[in-house]
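> Build me a structure from this.
(one chain, ligands or ions: 1)
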Amino acid sequence: MSKSNRAAMHVGCPACGGIVNASVPPGPGIDEESDSNRLQGRETVCRDCGHELELYYY
Ligand SMILES: [Zn+2]
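Below you'll find the model as predicted:
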């Protein structure tokens, strides 16, 4: 079970259409023991226009 520590994501900024690079930290993943699979959010800011983006990942 060796996954890469960090997943790089490239998201399109809805405001300026630029590409926003975001690194997602290694999350706990989907835990079957937990009651609900919570979606984790992470905020990042577009470097071009400063638009705030929220990323959600498992
Ligand atoms: Zn932007």
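> Just the pLDDT for the closest residue to H51 other than its chain neighbours.
Spatial nearest neighbour of H51, chain neighbours left out: A15 (3.8 Å); criterion: CB to CB, 6 or more residues apart in numbering. Any C-beta I mention is one placed from the backbone N, CA and C, and that applies to glycine too. Turning to A15, the model gives it a pLDDT of 94.
> Can you pull the phi/psi pair for A15?
A15 has phi and psi values of phi -90, psi -50 when expressed as degrees, to the nearest 10.
> That one reaches R47, doesn't it?
No: contact between A15 and R47 fails when scored by CB atoms under 8 Å: they sit 11.9 Å apart.
> Does A8 touch V20 like I think?
No: with contact defined as CB under 8 Å, A8 and V20 do not form a contacting pair (11.1 Å).
> Look at the two and report which has more neighbours.
For A8 versus V20, the count of surrounding residues by other CB atoms under 10 Å is larger for V20: 20 against 9.
> Check which helix or strand the more buried one maps to.
Assigning secondary structure by DSSP states H and E places V20 in strand 19-24.
> State the distance from the residue nearest to D48 when sequence neighbours are not counted to A7.
Closest residue in space to D48, ignoring its immediate chain neighbours: G18 at 4.0 Å, by CB to CB, 6+ apart. Noted for G18: a distance of 20 Å to A7, by CB to CB, to the nearest Å.
> same question, E54
Relative to A7, and taking CB to CB, E54 is found at 16 Å.
> Which one's more surrounded, these two?
When E54 and A7 are compared on other CB under 10 Å, the one with more neighbours turns out to be A7, at 13 against 8.
> With adjacent residues omitted, what lies nearest to the more buried one?
Closest residue in space to A7, ignoring its immediate chain neighbours: V24 at 4.7 Å, by CB to CB, 6+ apart.
> residues contacting the one you found?
Neighbouring residues of V24 by CB atoms under 8 Å, 6 or more residues apart in numbering: R6, A7, A8, M9, R42, L55, Y57.
> if you set the cut-off to 7 Å instead, what comes out?
When the contact criterion is CB atoms under 7 Å, 6 or more residues apart in numbering, the partners of V24 are R6, A7, M9, R42, L55, Y57.
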